[in-house]
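Engineer: Show me how the following folds:
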Amino acid sequence: MAGVLSLALAACVTVPSTRSPDLHEQARALAVRRLDDTGLRAAEARLALPSAANELWTPDRITVAAWYFDPQLAQARAEATRAAADAVLAAERANPTLELSPAKVFSGATASSPWTIGIAMLLPLLHPGEAVARRDVAIASTEMAKDQFALAVWQSRSRALSALREVLLTRRAEALAIRVATVEAAYRDSVRQRVAAGASDRNVQLTAELEAQRSAANLASRQAQRMAAEQSLASAIGVPWAALRDVPLTWPQLDAPPAPSALPAAALAQEAAWNRLDLAALLAQYRVADAQLRAAAGTRYPTTSIAPGYIYDQGQRYFSFGVDVELPLFHGAGARILASAAARDEAAAAVLARQADILHALDAARVDYTARYDAWTRMRLAAEAAQQVAGRAQRRRVAGEADRGSERIAQVAAAQAELAALDALTTTLDSLGKLEDAVQRPVWPPSRLSKASTTDDPLFFSPRDRSCAFPLTAVALH
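Structural biologist: Got it, this is the predicted structure:
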């Protein structure tokens, strides 16, 4: 009996201490987050990224900051940990049951001891193949949790870089809108002066007033877009908006996205069809369903338990051996097997459907990027031509061949054309971001962070390697 109690006590596990979230404390901690955090600096140093105070914040540095601060990524990490723990729990087999049945004779006892004591251990036996199936379920479930966390890491990077790109482009658009509004206002003032002097018609003044008001409204809209973009960047990183004040942001070669011909169609299709993280998670889900089907197939044999025991019966000692066998009187294993087979077929169909969606999304993204790139190229050439016209108008005004009105009209046209070209560049880069999300690997700009992988070519690794490149980097930050 003492040995049994010792065994029971040894099975006890200390429950980790819990602490309810303190909303006030968490709010204060979120409010004081800054990009000069010492932990973030240490993470950048481990990843061989420059972290000096005067260093520009490149896409890689913004990505690392998002991995360090992003609350959504912290939640995904906790979900992956919980899923891995659930997988271990599902793989455990049932513990044996100890049965103790003492009895005492109160009348008619003839033996020297009135006690009868029985003790037995009920030990459930595994079905054929159940141990291997449980192990495979645990392995596949753990892999699926890792893949889902890897997908969350990629999505965190995607959100952060999309927001960074938007901030840089909206700031540039705001500067151009200021230039347009300034030129339009100056032109309006000059028209007012000419109308007052009787040298121009009031209809010209009305047109100039309307154009100046439209430019001012466009400037206000551009300022709102810039502020919204900065808010989105702060949210994507996981810091307050004030933390981005006076932070020098940059994106190398933002004005030079790759030509569509520079993106290998075959390699992109291979990446999208074979190497997507969500596809890897679905494949792991299929392996889970397949292992569960094998476990269900083992239930064709009756559930059996053995019960070796010991009996002390009024001075007599016996060893006993019992067998418990499930009787399939109401149902057999057929329904369970059919349900498991249907779940496996559903998982296989989900893999095929996702693969088809991925390939269609990739084709659509490539076609869209090609069209956007061509439109931006044409708009950029038009903006350059408008700049040349504005330059000639300035030279003619200096030479006395034209008035300031003509020069300002040319300047407004050039600024508006440059703003239109910037808008075209914005849509082009957004389309390129969608193309990156379709293949779920860095396309542009090249990332130094993927070199944390141990593969020879960090941008083209298998799904299992894939879930260990960016994700392990992100885990290493804390």
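
Engineer: those strands in the stretch 101-250 of the chain, which residues are they?
Structural biologist: For the stretch 101-250 of the chain, applying DSSP state E, counting those that start in this stretch gives strands covering 115-124.

Engineer: how much space between residue 216 and residue 312?
Structural biologist: Separation of residue 216 from residue 312 (Cβ to Cβ, to the nearest Å): 100 Å. Bear in mind the C-beta positions are built from the backbone N, C-alpha and C, glycine included.

Engineer: next one: residue 162
Structural biologist: Counting by Cβ to Cβ, the gap from residue 162 to residue 312 is 75 Å.

Engineer: Residue 439 too?
Structural biologist: Taking Cβ to Cβ, one finds residue 439 at 72 Å from residue 312.

Engineer: was I right about residue 162 contacting residue 432?
Structural biologist: No - Residue 162 sits out of contact with residue 432 when judged by Cβ atoms under 8 Å, with a separation of 10.5 Å.

Engineer: higher neighbour count, residue 439 and residue 312?
Structural biologist: Taking other Cβ atoms under 10 Å, residue 439 and residue 312 do not tie; residue 439 has more neighbours (23 against 15).

Engineer: Wait, the more buried one touches residue 362, no?
Structural biologist: Yes - applying Cβ under 8 Å, one finds residue 439 in contact with residue 362, separated by 6.8 Å.

Engineer: Now do the shared contacts for those two.
Structural biologist: Counting by Cβ atoms under 8 Å, 6 or more residues apart in numbering, the common neighbours of residue 439 and residue 362 are 268, 272.

Engineer: was I right about residue 333 contacting residue 295?
Structural biologist: No - using Cβ under 8 Å, residue 333 is not in contact with residue 295; the gap is 10.7 Å.

Engineer: More neighbours: which of the two?
Structural biologist: Comparing residue 333 with residue 295 by other Cβ under 10 Å, the one with more neighbours is residue 295, at 21 against 18.

Engineer: What residues does that one make contact with?
Structural biologist: 127, 129, 130, 133, 134, 137, 340.

Engineer: Surely the last one is in contact with residue 289?
Structural biologist: Which is residue 340. Yes - Residue 340 is within contact range of residue 289, at 7.2 Å (criterion: Cβ under 8 Å).

Engineer: Can you show me the helices along the stretch 351-478 of the chain?
Structural biologist: In the stretch 351-478 of the chain, the segments counted as helices under DSSP state H, counting those that start in this stretch are 404-439, 463-466, 470-475.

Engineer: mean confidence score for the top helix by length along the chain?
Structural biologist: In the chain, with assignment by DSSP state H, the single longest helix is helix 130-196. Across helix 130-196, pLDDT averages out at 91.

Engineer: Kindly calculate the angle that that helix makes with helix 404-439.
Structural biologist: Orientation check (axes from the mean of the first three to the mean of the last three Cα atoms, to 10 degrees): helix 130-196 against helix 404-439 gives 180 degrees.

Engineer: start at 628 instead
Structural biologist: Got it, first residue is 628 now, which makes that one helix 757-823.

Engineer: Output the contacting helices and strands for helix 757-823.
Structural biologist: helix 686-696, helix 698-718, helix 829-864, helix 904-924, helix 1031-1066, helix 1090-1093, helix 1097-1102 (3 or more Cβ pairs under 8 Å, 6 or more residues apart in numbering; DSSP states H and E).

Engineer: distance of the residue nearest to residue 1049 when sequence neighbours are not counted from residue 661?
Structural biologist: Sequence neighbours aside, residue 800 is the residue nearest to residue 1049 in space, at 5.4 Å (criterion: Cβ to Cβ, 6 or more residues apart in numbering). Distance of residue 800 to residue 661, given as Cβ to Cβ: 27 Å.
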